Every structure is written in C-alpha cells, then in structure tokens.
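**Q** predicted model follows, preceded by the sequence.
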Amino acid sequence: MASTLTTKPEVMEGGPQPRHQRRNRPRGRPNWLAGLASWIWLAVVIVPIYWIVITSFKSQSRYYAENPLVPPGEPTLANYVMVIESDFPLYFVNSVVVTLGAVIPAVLISFMASYAIIRTGKRSRFLRLSNSLFLMGLAIPLQATIIPVYLIIIRLHLYDSLLGMILPSIAFAIPLSVLVLSNFIRDVPKELFDSMRLDGATETAMLWRLAFPLTRPAVVTVTVYNALTIWNGFLLPLVLTQSPDKRTLPLALWSFQGQYSVNVPAVLASVVLTTLPILILYIVGRRQLLSGLTVGFGK
Amino acid sequence: MSALATSATAPKRRGRGGSLAWMAVPALVFFTGFGLVPLLGVLVLSFTAWDGLGDIRFAGVDSWTTVLADPGLPHALWVTFLVMALSWAVQTPASILLGTFLANHHRYRAILSVVYFIPLLLSSAAIAIAYKALLDPNFGLGAGLQIPLLVQDWLGDPYLAFGVVIFVVSWQFIPFHSLIYQGGVRQIPRSMYEAAELDGAGRVRRFFSITLPQLKYTIITSSTLMVVGSLTFFDLIFVLTAGGPGDATRVLALDMYVRGWQASQMGLASVIAVILVLVGLVLALVLRRLGGRDTSHSQLEGA
C-alpha cells in the first residue's frame, strides 16, 4: 500500500509538489465548512474552560462587577487558599490512594488474564469462558449493580472505608482493560514467543520480558484511562461512604458546591484544583493516550 | 544440548492446554465478586424488601407490581430514551465531521486534538458544577455579558434543562468520539480516494460514497459506547439538575438512586436496576447484530 501512496500522485499530476500533495488527501479547495465547524467547536470547548480558570482568580465582589470574559484586574489566590484550607489535601490523598490502589492491581491482573487468553485461550475452555464473561461485562452499566455491591461492602465490614471503594473499582476496570490489552498482545509476533521458549523461558518470564515491554503503549493507555475513570468516579464514593474524611475529590467538590454555592470563584477554584493532577498526567502521557485510544477502539 | 532438551519438552507443554489458566483467575475472581454476583444479586434483591440498613426479607413480586404500576417508570424510560437518542443524534454527525477534518489536516490536528481532549479529563461532577455556575440566570455568563438571549432560567424550565443536559453531554463526549473517528478515517486506504478522484467524484460524493461506508464499524463501536454510556449519565445529571425541574431529566439511573438511597426502598430500586441491565443488554445485542460481527476482527475489509 505504501508504494501506491507515494507513486500514484506523481503519475497522476506530474506536478512539482508531490510531497505537499501527499499530506492533504482530498485535493482541491480547502474544506471551509469542516474547517469552520472545527474552529467553532474549539471555541465551544475553550470558552467555558477559559471562564472557569479566569473566574477562579477573581475575588467574590469583583466577580459580580467585572465583565465575565475579561481576565481579573487584580488576580487573587484567596479562593485557592480557601479551598486548600477546607480539607482538600485530605480528599486529594484519598483520591490518590483509591486511584493507585485500584489501577495498579486492575492493570496487572487484566494483563495476566489477557496474556493467558491470547496465548492458550484457543485450547482452554475455562479461558474462553472467562473471555466471554469479560466481554459481556462491557455491556453492564455500573449503576445497575450498585445496590448488591453496597450490600456486599456492608457485609464485608468495608462500608465507609477507602478499601471498600477500591475493590469494586478494580472489578469494573477489568472488562475494558482485557479488551484493549488482548488486542495488543495478539499483535506480538508468535515467532518471538517460540524463540524465547526454545531458550528455555517460562511463560511467566515471557509475560514480563516479552509481552509486557512490547505492549507498553497499550499498558500506558489502559492505566491512564482507568486512572481517569476512577479519579473522576462519583457514584461509588457517594454510595459507599458517609463520613467527610473518606470523601474523594468529586464528592468533596459536590458538597463544597452545596456549601458555598454563592461563592462562585471559590467553587471554580475547587474545580480547577481537582482537575490539575489529571491535567499533569495528561500532558505527560498525552501522545500515548491519544494514539492508544484511537487504535484500541478503532480495532 | 540444552536446545535439544527444551525442544523435547516443548510438545509436552503445548499439550497441557490449561497451564496458563491460573493467570486469569485473579481477574475472574474480582469480576465475579463485584460484577457477576451483583448482577444476579440485583435480580434476587428485586424480590425483597430492604431499607438499606436493616434486615432483608422476602417480598415476592411486590416491588415489581409497585414499580410496573407506577407512572414514574414509563416517564423515566422515556427520558432515558430521549437522552440516549438526542445525545446520539447530536454527537454522531458532529464527531464524524470533526474526526474526518482532523484526520486530513495534519497542521491543525495536533493543536486541536490537545484542546479537544480536555473536557474528557474533567469529572462529570466538575463539569456539572461549572455549568451550573455558568448558566445561573442572575450571576452567570449571560447576566455578566448582559446578553438577554443568554439570560434564561436554563435549569428551571423543563425543556431548557433537557437541552442543557444534551448540550453538556455533547460538550463532554464529542471530543472523545471525534478521536475515535479520526482513527477510523486514517485507516481508509488512500487508493480508494485516488480512484474516486480519477472518476471525477467531488468532495461531498467522496465523503458519502467512501468515507461513510468505510466507517461502518467505527460508527458501530462509537455508537455502542455512546448508547451504553448514556445509561450511565448518573453523576452529570445528579449534580446538574438532580433530575429536575420536577422529573423532567429523571433518567432510570437517577430514579434508581432516588428510590434506593433517598426513599430507602432498595427493593424498588433493584427492580429499576434490573430494567437498566435489560435495556443495556438489549441495546448491546441490537448494535452487535447491526455490526454483524464482534469487535475483535480487523477493520480493513476488501481494501
């Protein structure tokens, strides 16, 4: 395919700039309509975010007086100080504990399961059954199982604890993780496994030293995606906790908003603060996340 | 020497088919414990009466008859369906157009992709809280800019509140789906476009005759995620409108939460949950039938 791509335009056109032509597939006039639409959507996305950020630096009295889209004349950090002083560091730690505590085991056990399914799934009825159960899990909405999960967590005496949120989070991360990871492990050439086995490597060694490094983009994608979902999760903390000191950030955000709904800049500062860690994660892992998601779902 | 020894054991290892099965056990245990058991458990609980704290006792089909006779159920089903259908109808064309555009214009793509993805980083709670403040009729953006058209009781009027929910859902998820379509468009072989161009097909014709048909499986993947995902818009709607005004935006998931945790009737809530599962499974099956295959095969066919 690559050869037809490079030769055909030149044959067709015989023009002076074949390289330029390769880059813009549909030739001719620029597509103004689609271009316009994409810039309009860019504005729709950016304006609210811009408004959230600049407003979070305004004092409450200025907020009512100033033009909402003009950056603050006298920017203040008072809102951020107020948010940080109202136990947000505690909620932040809770969120970190729940997210790491759920994502790391979830990705590890999903990787092991995917590896087993791809390597010997064709021969093992048990693995085939597991795989179809995981695939079925993709269609189950989390909310639908929340009442029995609530009951199980109570009976395990884990109600109102961080571990009580971690265990179901692991389970709900498994189906999608297995789907994406096994799609990638399938692409590891069989010859590599065969030659490692000839060298006497065990399956565990092949998992760690062959499959894991070769599918690192998928592992990063799945890790970031699960971290995002669990970090932003609202229903599990809402239903499985009651004391304020067990809250994670989204739940804390919600009760903070209920408490200070009049102080819009402070509420928006709390929104910015809860998003900041995930934004940093995004900047670090952006390239792999974007390409991983497009490939993982496009398959 | 050693190579000979291992090659002698290799066929034996190949014979033991289930030797790796233990690797799937931890995932299966977790998924069974907190996924499959609850799935069956919710069916059992729908035949009980439980206030969420005390003892659970068997109640027969009481909860079912109560819920099925309640006019709140068809309403919640209708609202859920409307949210699903409208958010799909808004998101899909927009995502396809944006995805196609992003796939072709390399220069902007990098910048746009970065920004487009930001809404997906915010939690639904954060987005709902921000929009609540932004749409406030007295202190929001419209009032601040003094644009009368934007000064509406956005969340107080049933129709406007519904529109706001659809808009915010689209705001949050169009970027994600346009990325999926971008990936899909890039997999379409360029030779197809070149052949069409030689035949004199214009841009619109190429879009409808090549891009759209080739995106069939991407459309099904994206639609499945959208439709099943729309059943899980609990947190966004809970924080944004709490199902209101009245019950204008009270979707099934919200109805379940209100009955279970606010009215302490877990039996009734479980019936709603069972209905939610059934809706999800039926939708997944229908979409799979439309696709005519499962998602584990290659995207490229006849290319």
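**A** That came through fine.

**Q** which parts of stretch A:254-270 are buried?
**A** A:254, A:256, A:257, A:260, A:263, A:264, A:265, A:266, A:267, A:268, A:269, A:270 (16 or more other CB atoms under 10 Å in any protein chain shown). Just so you know, the C-beta spots here come from the backbone N, C-alpha and C atoms, and that holds for glycine as well.

**Q** for the residues you listed, which one is nearest residue B:82?
**A** residue A:254 (25.2 Å; CB to CB).

**Q** hmm, back to that, filter the buried residues of stretch A:254-270 down to the ones close to chain B.
**A** The residues of the buried residues of stretch A:254-270 that also fall near chain B, by CB under 8 Å from any CB of the partner chain, are A:254, A:257, A:264, A:267, A:268.

**Q** re the thing from before, lowest-confidence one in the buried residues of stretch A:254-270?
**A** Least confident of the buried residues of stretch A:254-270 in the model: residue A:260, at 82.

**Q** contacting residues around residue A:227?
**A** Residue A:227 makes contact with A:99, A:103, A:278, A:281, according to CB atoms under 8 Å, 6 or more residues apart in numbering or on different chains.

**Q** can you narrow these to ones near chain B?
**A** Okay, of those touching chain B (CB under 8 Å from any CB), that's residue A:278.

**Q** return the member of the contacts of residue A:227 nearest to residue A:50.
**A** Distance to residue A:50, by CB to CB, is smallest for residue A:278 among the contacts of residue A:227, at 18.4 Å.

**Q** can you redo the buried residues of stretch A:254-270 as TSV with secondary structure?
**A** Shown next, in TSV, are those (DSSP: H, G, I helix; E, B strand; the rest coil):
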residue	secondary structure
A:254	helix
A:256	helix
A:257	helix
A:260	coil
A:263	coil
A:264	helix
A:265	helix
A:266	helix
A:267	helix
A:268	helix
A:269	helix
A:270	helix
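
**Q** how about the residues of the stretch 201-303 of chain B that lie near chain A?
**A** Counting by CB under 8 Å from any CB, the positions of the stretch 201-303 of chain B adjacent to chain A are B:203, B:206, B:218, B:221-222, B:225, B:228, B:231-232, B:234-235, B:238-239, B:253, B:256-257, B:260-261, B:266, B:269-270, B:273-274, B:276-277, B:280-281, B:283-284, B:294-296, B:298-299.

**Q** and the pLDDT for the residue of the stretch 151-300 of chain B found nearest chain A?
**A** For the stretch 151-300 of chain B and chain A, the shortest gap (CB to the nearest CB) falls at residue B:183, measuring 3.0 Å. Residue B:183 carries a pLDDT value of 81.

**Q** which strands and helices lie in contact with the helix or strand hosting it?
**A** Assigned by DSSP states H and E, residue B:183 falls within helix B:158-186. Counting contacts by 3 or more CB pairs under 8 Å, 6 or more residues apart in numbering or on different chains; DSSP states H and E, helix B:158-186 packs against helix A:32-55, helix A:264-298, helix B:72-104, helix B:106-121, helix B:124-134, helix B:216-230, helix B:234-240.

**Q** chain center to the third one, what's the gap?
**A** Taking the mean of its C-alpha atoms, helix B:72-104 sits 10 Å from the chain's own mean (CA atoms, centre = their mean, to the nearest Å).

**Q** and it with helix B:158-186, angle?
**A** 40 degrees (axes from the mean of the first three to the mean of the last three CA atoms, to 10 degrees).

**Q** tell me if helix B:72-104 is near chain A.
**A** Yes: where contact is defined by CB under 8 Å from any CB, part of helix B:72-104 touches chain A, namely B:94, B:97, B:98, B:100, B:101, B:102, B:104.

**Q** what's the lowest-pLDDT member of those?
**A** Out of the residues of helix B:72-104 next to chain A, that is residue B:104, at 73.

**Q** where does the nearest residue to residue A:206 once chain neighbours are set aside land on pLDDT?
**A** Nearest residue to residue A:206, sequence neighbours excluded (CB to CB, 6 or more residues apart in numbering or on different chains): residue A:196, at 5.3 Å. As predicted, residue A:196 sits at a pLDDT of 86.
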